[in-house]
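Undergrad: sequence and predicted model, in that order:
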Amino acid sequence: MTEGTDAQDAVPADGERARRARPISFVVAIDGPAGSGKSTLASGLAAYLGCAHLDTGAMYRAVALAVLQRGIDPTDARAVTAVAEGLDLDVGERVIVDGEDVTAAIRTPEVDACVSHVAAHTDVRSTLVGRQRSWARAQRGGVVEGRDIGSVVFPDAAVKIFLTAEESERARRRAAERRVAAPAGDVAATLARRDAFDSSRSASPLVVPRGAVVLDTSEMSAPEVLAAAIALLPAPESRKDPEYTFGYAFLRNLAVGLARAVFRVRVHHAERVPQSGGFIVAPVHRSNLDFLLAGTAVRHRKMWFMAKEEVWKSRRLGKFVEAHGAFPVHRNIPDRVALRRAEEVVDNAGVLILFPEGTRREGPMVEDLHEGAAYLSLRSGVPIIPVGIAGSDRAMAKGSKFIRPVRVDVVVGEAILARSVSPSGRIPRSAVRAMTEELRVALEAVYAEARTCRRSRSHVRRMTRK
Ligand code: DC
């Protein structure tokens, strides 16, 4: 979020990426005390929706840090407001203040102790609230977390969620997050003090907003909280993919329906596939059927893919596959045109399917991945969805022209989120390599899970036959 009232000025640091996030045209407001799971839920929901996410607590923390650095008294309303008004503030995955990355510096005990005082000043709040509203206007919606989002900043938010959790559980989470050795009692005491202050201040105290759904997360895992929040979202029809035309849907449903019938496909964790926004589907590759089988997990979205350029030798065939999402790639050379097309797809909030293994492989290991998926993800800020497919190697083995009607299990992994690299937009090789490794590990895990699901299904079948 850059200073100023104009909506464009308020685009956050990863501005380029945020601009490419799909406008969802509604706000999801997430409020709650510290350690209730707001940030985990907010980033999970943003990945699911393919939209932008704003952590407003980080904005108050950035002001508190600047106040501390300037030696200003945090209770001096006028001086603190002047700091808040003058800061060049970028809050994205990284937090940048006046060009400096303060992502880690705003999460220290000193800032914890100061931030509630800073956040209690009415004028500081109205400055930051103005920036928060500009951000949402520029993004055309998004997921916003804080303490007063559903009550003050966006009282008309389409979805309002208020998270709570037992105090001891919140203290445990906060201590784990900070990796502090401090006894849980100390963390709990600081947390309780801050909550009491935030809840009793006169300016926008922490309250359950009117119309909010309260979720007590004390005994819920992060995926359970996410699933509960997803159930509260507006119907997917209102977030329709414009590329998902009737003609495309007809052929897709026919092909997927046939595949499902022949291979008795079971899709596990289909809810992990984002409903809107750009993302990359990255399946393991053991068979020519993998494209179709991965398609069983992606509903209501058109999937774009690279196809070997030879296909376009037949103009008719070229036209046909192009209408169904294909674009040409020259193999064996670095094809910049194809890469640019792929970038355009995700930049325009489309779905791209890429096989990081490049060609069909054999065996349970996932290795030697191409780095294209990670590069695109980091460049465009879109998540990668790893997909494990078990049984496709038997359904149509490498070298075989025939299909065998065996069972297939498809497991969708958790989204791998692109972490912002640097505000300049430069993508270091080390970041691409690290993300590729993260993808490799995730792919090996989902592939193993898919094989386990498949085995247990076969086992149950054998048992019921006996
Ligand atoms: O979510 P957090 O712990 O990072 O928030 C830091 C502080 O900022 C918190 O003590 C209260 C304040 N805050 C606020 O007053 N209003 C918001 N919308 C977000 C945070």
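TA: Sure thing, it's come through. Residues are numbered from 1 along each chain as shown.
Undergrad: when you work out contacts or count neighbours from here on, use the C-alpha atoms and nothing else.
TA: Will do.
Undergrad: was I right to think His121 contacts Ala203?
TA: Yes - the criterion here is CA atoms under 8 Å, and His121 meets it with Ala203 at 7.0 Å.
Undergrad: the more surrounded of those two?
TA: Shown here are His121 and Ala203; by other CA atoms under 10 Å, His121 has more neighbours (21 against 16).
Undergrad: quick one: contacts for that one?
TA: 77, 81, 203 (CA atoms under 8 Å, 6 or more residues apart in numbering).
Undergrad: with respect to Val144, which of those is nearest?
TA: In terms of CA to CA, no member of these lies closer to Val144 than Ala203, at 19.1 Å.
Undergrad: ok, the closest one - contacts?
TA: So Ala203 contacts 120-122 (CA under 8 Å, 6+ apart).
Undergrad: among those, which ones are in helices?
TA: Thr122 (DSSP state H).
Undergrad: thinking again about what came up before, make a markdown table out of the contacts of His121 and add pLDDT.
TA: Listed next are these as a markdown table, based on pLDDT from 0 to 100:
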| residue | pLDDT |
| --- | --- |
| Ala77 | 96 |
| Thr81 | 97 |
| Ala203 | 85 |
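Undergrad: could those residues go into JSON lines alongside secondary structure?
TA: As requested, those are exported to JSON lines (DSSP: H, G, I helix; E, B strand; the rest coil):
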{"residue": "Ala77", "secondary structure": "helix"}
{"residue": "Thr81", "secondary structure": "helix"}
{"residue": "Ala203", "secondary structure": "coil"}
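Undergrad: give me the subset of the residues you listed touching the ligand.
TA: On the criterion CA under 6 Å from any ligand atom, none of the entries of the contacts of His121 sits beside the ligand.
Undergrad: what's the distance between Leu215 and Phe263?
TA: 39 Å (CA to CA, to the nearest Å).
Undergrad: do I have it right that Ala158 meets Phe26?
TA: Yes - assessed by CA under 8 Å, Ala158 is found in contact with Phe26 at 5.9 Å.
Undergrad: isn't Gly44 up against Val225?
TA: No - contact criterion CA under 8 Å: Gly44 and Val225 do not qualify, at 9.7 Å.
Undergrad: who's more crowded, those two?
TA: Each of Gly44 and Val225 has its neighbours counted (other CA under 10 Å); Gly44 has more, 26 against 20.
Undergrad: tell me the contacts of the closest residue to that one other than its chain neighbours?
TA: Spatial nearest neighbour of Gly44, excluding adjacent residues (CA to CA, 6 or more residues apart in numbering): Leu226 at 6.7 Å. Residues in contact with Leu226 (CA under 8 Å, 6+ apart) are 41, 44-45.
Undergrad: with those residues in mind, which one is nearest to the ligand?
TA: Comparing those against the ligand with CA to the nearest ligand atom places Leu41 closest, at 12.5 Å.
Undergrad: ok, that closest one - contacts?
TA: Per CA under 8 Å, 6+ apart, neighbours of Leu41: 222, 225-226.
Undergrad: from those residues, which land in helices?
TA: 222, 225-226.
Undergrad: pLDDT and distance to the ligand added to those, as CSV?
TA: Shown next, in CSV, are those (pLDDT from 0 to 100; distance: CA to the nearest ligand atom, whole Å):
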residue, pLDDT, distance to the ligand
Ala222, 88, 17
Val225, 90, 17
Leu226, 89, 18
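Undergrad: any idea how far Thr245 is from the ligand?
TA: Between Thr245 and the ligand the computed distance is 40 Å (CA to the nearest ligand atom, to the nearest Å).
Undergrad: tally of neighbours for that residue?
TA: Around Thr245 there are 13 residues (other CA under 10 Å).
Undergrad: and the one 3 residues further on, by the same measure?
TA: A count of nearby residues for Tyr248, using other CA under 10 Å, gives 18.
Undergrad: and it, which of the three is it?
TA: Assignment for Tyr248 (three-state DSSP): helix.
Undergrad: let me see the contact set for the residue lying closest to it once chain neighbours are set aside.
TA: Leaving out its chain neighbours, the residue that sits closest to Tyr248 by CA to CA, 6+ apart is His324, at 6.5 Å. Going by CA under 8 Å, 6+ apart, His324 touches 248, 302, 304.
Undergrad: and the pLDDT for the first one?
TA: In other words, Tyr248. Looking at Tyr248, its pLDDT reads 91.
Undergrad: same thing with Glu3?
TA: On the pLDDT scale, Glu3 gets 34.
Undergrad: now do whatever helix or strand Val432 lives in, average pLDDT.
TA: Element membership of Val432, judged by DSSP states H and E, is helix 429-465. Summarised as a single mean, pLDDT over helix 429-465 is 88.
Undergrad: and it, what does it pack onto?
TA: helix 372-380, strand 384-390, strand 409-412 (3 or more CA pairs under 8 Å, 6 or more residues apart in numbering; DSSP states H and E).
Undergrad: and the helices in the stretch 1-150 of the chain?
TA: Taking DSSP state H, counting those that start in this stretch as the criterion, the stretch 1-150 of the chain carries its helices at 15-20, 38-49, 56-69, 77-86, 109-119, 122-139.
Undergrad: by mean pLDDT, show me the worst of those helices.
TA: helix 15-20 (a mean of 44).
Undergrad: quick one: name the residues of the chain near the ligand.
TA: 34, 56-58, 60-61, 115-116, 119, 146-149, 194, 198.
Undergrad: could you redo the last one with a cut-off of 5 Å?
TA: Neighbours of the ligand within the chain, by CA under 5 Å from any ligand atom: 34, 56-57, 60, 116, 119, 146-148.
Undergrad: show me which of these is closest to Glu243.
TA: Nearest member of the residues of the chain next to the ligand to Glu243, counting by CA to CA, is Thr56, at 33.6 Å.
Undergrad: residues contacting the closest one?
TA: Counting by CA under 8 Å, 6+ apart, Thr56 has contacts 132, 144-146.
Undergrad: then Arg260?
TA: Contacts of Arg260 (CA under 8 Å, 6+ apart): 266, 296.
Undergrad: what strand or helix carries it?
TA: Using DSSP H and E, Arg260 falls in helix 246-263.
Undergrad: with only the CA atoms kept, save that helix in CSV.
TA: The C-alpha trace of helix 246-263 is given here as CSV (Å, rounded to 0.1, in the frame of the first residue of the first chain):
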residue,chain,number,x,y,z
PHE,A,246,-20.8,-23.8,-23.2
GLY,A,247,-18.9,-25.5,-26.0
TYR,A,248,-15.8,-26.0,-23.9
ALA,A,249,-17.9,-27.3,-20.9
PHE,A,250,-19.7,-29.7,-23.2
LEU,A,251,-16.6,-31.4,-24.5
ARG,A,252,-14.8,-31.3,-21.2
ASN,A,253,-17.7,-32.9,-19.4
LEU,A,254,-18.0,-35.6,-22.0
ALA,A,255,-14.3,-36.5,-21.9
VAL,A,256,-14.1,-36.3,-18.1
GLY,A,257,-17.4,-38.2,-17.7
LEU,A,258,-16.0,-41.0,-19.9
ALA,A,259,-12.7,-41.1,-18.0
ARG,A,260,-14.5,-41.2,-14.7
ALA,A,261,-16.7,-44.1,-15.9
VAL,A,262,-13.9,-46.1,-17.4
PHE,A,263,-11.4,-45.6,-14.7
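Undergrad: noted, bye for now.
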